[in-house]
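In: need a 3D model of the sequence below.
(2 chains)
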Amino acid sequence: MAYSKKVVDKFEDTLNNPQAFKVGRFDPAELNVGTGMVGAPACGDVMKLQIKCEPKGNSHVIKDVKFKTYGCGSAIASSSELVEMLIGKTLEEAKAIKNIEIVEALELPPIKIHCSVLAEDSIRQAIEDYESKQ
Amino acid sequence: MNKQITFNSKSENLNIVDSLIEEISANFKMSDDSYANILIALTEAVNNAIKDSTILVSVMHINNELGTLNDIDGIGKITREKGIFFHVDAAQSTGKVPIDLKKLPVDLMSFSAHKTYGPKGVGALFVRRKPRVRIEAQIHGGGHERGMRSGTLPTHQLVGMGEAFRIAKEDMKQDIAKIKRFHDMFLDQVNDIEHVYLNGDVANKVPNILNVSFNFVEGESLIMGLKDIAVSSGSACTSASLEPSYVLRALGRKDELAHSSIRFSFGRFTNEDEVLETLSILKNVVERLRELSPLWEMHLDGIDLDTVEWKTH
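Out: Take a look at the predicted model:
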């Protein structure tokens, strides 16, 4: 697989320094935490994304994020890239994130575009979960 | 004409399946109703797969993903009894196991030079004279090699292949002894890692290939983590088809374990320091990827992953 340097760097950085790249977990039962999990082991990738939010004005802001990903190098890089985009965004802004932004940021090859779609799905699910608790 | 080419083993090398599929004309039907087991091509499976219309049975001598040996004597006995030609792909075998074509019950056997440190781009096909196998040429014009293959041969390639095979035969005993030692040492230490599965039957395989699945870790990411080590994976992410290894699926491995498989190989030029270094890097990377893996987390939480309803995509 011919990956861009960006995918390789993001993958290696995340692997070598998981705390700094927000690998981890929040207690999913907490009311200010939203959890999204997408994919399946049989398909070769599973992403779990958790957001910790607080109300701000009429909306809610993502204060912190944790994730774990089982999958190929580009799946791990895609979720790590997404996590960086999320912090400080309102839920509306986060919902507006499109997979193509991850594709462009990491220069994903066409065969790996599904990794970015999975990342987009994971944030949608996490937001849904969070909103259902409010 | 309605003849069938039979594949005896679901784990047959994709290359040969691919090339045969291409060659099979409208007159040929392919049967893929055989069985697979740890022994890959059980003689029974072959026996059952053979139909009245079968003209050729083709299996690999040593499976390239697992290193497991097929029962060539057993299958050859059946094909001889039934008067069917028997082709064996021995690309993985040269220098690994003794090959005595005077004794082996095969009619056709193919070899590849580069698997035994010879030059790329040259191989050989053994065609038995008695019982005689008539094969149709794929390359025409000139009728060289008794009409089997036309065209001028590249002498330097052939000499390279011959020399590679000569050295392989000469050094086989000491090569294999060394490789077996590395294999056992490696396997012993890999088994210290939790949830590791050896793919293939350790009692019936060559030691230069070792295929292992690391549960809860995806194979391609493991390859990327092992960046200074050249290994291959049955993971879908490393294949053009996005399907996990059909060899491992044929063995009954679940998709996720097929995705998690890594093939290590040891060769004539491998040294002990390299084996130890690989082990140390491997243990570290598996641990880090598991820390990243939601499946590992769920496993540690006591969740049975088979009971989870996954949101597939």
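In: quick check: residue B:270 vs residue B:209, distance?
Out: Separation of residue B:270 from residue B:209 (CB to CB, to the nearest Å): 12 Å. (Glycine included, C-beta is placed from N, CA and C.)
In: just the buried residues of the lengthiest helix in chain A, please?
Out: In chain A, with assignment by DSSP state H, the single longest helix is helix A:113-133. For helix A:113-133, the neighbour count (16 or more other CB atoms under 10 Å in any protein chain shown) marks A:113-127, A:129-130 as buried.
In: need the residues of chain A near chain B, please.
Out: Contact residues, chain A versus chain B (CB under 8 Å from any CB of the partner chain): A:1, A:8, A:11-12, A:14-16, A:18, A:23, A:25, A:37-48, A:68-73, A:75-76, A:111, A:114, A:117-118, A:121, A:125.
In: show me which residues of chain B sit near chain A.
Out: So far as CB under 8 Å from any CB goes, chain B lies against chain A at B:216-218, B:220-221, B:224-225, B:227, B:235-238, B:242, B:244, B:254-256, B:259, B:285, B:288-289, B:291-297, B:305, B:310-313.
In: which residue ranges of the chain form helices?
Out: With no chain named, the answer covers chain A. Using DSSP H, helices in chain A cover A:5-16, A:73-86, A:91-95, A:99-106, A:113-133.
In: think we crossed wires, I meant chain B
Out: Using DSSP H, helices in chain B cover B:14-23, B:43-49, B:72-82, B:155-190, B:219-225, B:246-250, B:255-259, B:272-291, B:294-300.
In: mean pLDDT for these - can I get that in JSON lines?
Out: Formatted as JSON lines, the helices of chain B follow (pLDDT from 0 to 100):
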{"stretch": "helix B:14-23", "mean pLDDT": "42"}
{"stretch": "helix B:43-49", "mean pLDDT": "66"}
{"stretch": "helix B:72-82", "mean pLDDT": "90"}
{"stretch": "helix B:155-190", "mean pLDDT": "97"}
{"stretch": "helix B:219-225", "mean pLDDT": "92"}
{"stretch": "helix B:246-250", "mean pLDDT": "72"}
{"stretch": "helix B:255-259", "mean pLDDT": "84"}
{"stretch": "helix B:272-291", "mean pLDDT": "97"}
{"stretch": "helix B:294-300", "mean pLDDT": "95"}
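In: for the ones you listed, give me a markdown table that also has mean neighbour count.
Out: Shown next, in a markdown table, are the helices of chain B (neighbours: other CB atoms under 10 Å in any protein chain shown):
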| stretch | mean neighbour count |
| --- | --- |
| helix B:14-23 | 13 |
| helix B:43-49 | 19 |
| helix B:72-82 | 17 |
| helix B:155-190 | 16 |
| helix B:219-225 | 25 |
| helix B:246-250 | 22 |
| helix B:255-259 | 25 |
| helix B:272-291 | 16 |
| helix B:294-300 | 19 |
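In: that older thread, switch the helices of chain A over to CSV; also include mean pLDDT and distance to residue B:177.
Out: As requested, the helices of chain A are exported to CSV (pLDDT from 0 to 100; distance: least, CB to CB, whole Å):
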stretch, mean pLDDT, distance to residue B:177
helix A:5-16, 95, 37
helix A:73-86, 94, 37
helix A:91-95, 95, 60
helix A:99-106, 93, 47
helix A:113-133, 93, 45
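In: pretty sure residue B:199 contacts residue B:253?
Out: Yes. Using CB atoms under 8 Å, residue B:199 is in contact with residue B:253, at 6.7 Å.
In: and the two? which has more neighbours close in?
Out: residue B:199 (27 against 20; other CB atoms under 10 Å in any protein chain shown).
In: quick one: residues contacting the more buried one.
Out: Counting by CB atoms under 8 Å, 6 or more residues apart in numbering or on different chains, residue B:199 touches B:65, B:66, B:211, B:212, B:213, B:248, B:251, B:253, B:261.
In: now the last one, nearest residue through space, not along the chain?
Out: Beyond its immediate neighbours in the sequence, the residue positioned closest to residue B:261 (CB to CB, 6 or more residues apart in numbering or on different chains) is residue B:234, lying 4.0 Å away.
In: that neighbour - how many residues pack around it?
Out: 27.
In: residues in contact with it?
Out: Residue B:234 makes contacts with B:65, B:211, B:219, B:244, B:245, B:247, B:248, B:258, B:259, B:261, B:263, as judged by CB under 8 Å, 6+ apart.
In: let me see the contact set for the last one.
Out: When the contact criterion is CB under 8 Å, 6+ apart, the partners of residue B:263 are B:65, B:209, B:210, B:211, B:231, B:232, B:233, B:234.
In: same thing but 6 Å
Out: By CB atoms under 6 Å, 6 or more residues apart in numbering or on different chains, residue B:263 lies in contact with B:211, B:232.
In: do the same with residue A:18
Out: residue B:291.
In: per-residue confidence at it?
Out: At residue A:18, the pLDDT value in this model is 96.
In: next one: it from residue A:93, what distance?
Out: For residue A:18 relative to residue A:93 (CB to CB), the value is 26 Å.
In: kindly report the same for residue A:133.
Out: Taken as CB to CB, the span from residue A:133 to residue A:93 is 20 Å.
In: ok, now residue B:233?
Out: 38 Å.
In: between these two, which has more neighbouring residues?
Out: Under the criterion of other CB under 10 Å, the comparison of residue B:233 against residue A:93 puts residue B:233 first, with 27 against 14.
In: got a list of what the nearest residue to the more buried one once chain neighbours are set aside touches?
Out: Nearest residue to residue B:233, sequence neighbours excluded (CB to CB, 6+ apart): residue B:219, at 3.3 Å. Contact analysis of residue B:219 by CB under 6 Å, 6+ apart lists B:233, B:235, B:259, B:260, B:261, B:262.
In: show me the two of these that sit farthest apart.
Out: The distance between the two most remote of those (CB to CB) is 10.6 Å, for B:259 and B:262.
In: who's residue A:40 bridged to?
Out: residue A:45 (DSSP bridges).
In: in space, what's closest to residue B:267 - neighbours in sequence excluded?
Out: Per CB to CB, 6+ apart, closest to residue B:267 is residue B:208, 6.5 Å.
In: do the same with residue B:138
Out: residue B:149 (7.4 Å).
In: that older thread, out of the helices of chain A, which comes closest to residue B:123?
Out: Once those are compared by CB to CB, helix A:73-86 is nearest, at 33.9 Å.
In: quick one: that closest one to chain centroid distance?
Out: Relative to the chain's own centre, helix A:73-86 is displaced by 6 Å; criterion: CA atoms, centre = their mean, to the nearest Å.
In: now do that helix and helix B:272-291, the angle between them.
Out: 40 degrees (axes from the mean of the first three to the mean of the last three CA atoms, to 10 degrees).
In: burial measure for residue A:55, as a count.
Out: 10.
In: and the residue most central in space within chain B, how far from chain A?
Out: Centrality entry for chain B: nearest residue to the mean C-alpha point is residue B:64, 1.7 Å, by CA atoms, centre = their mean. Distance of residue B:64 to chain A, given as CB to the nearest CB, to the nearest Å: 20 Å.
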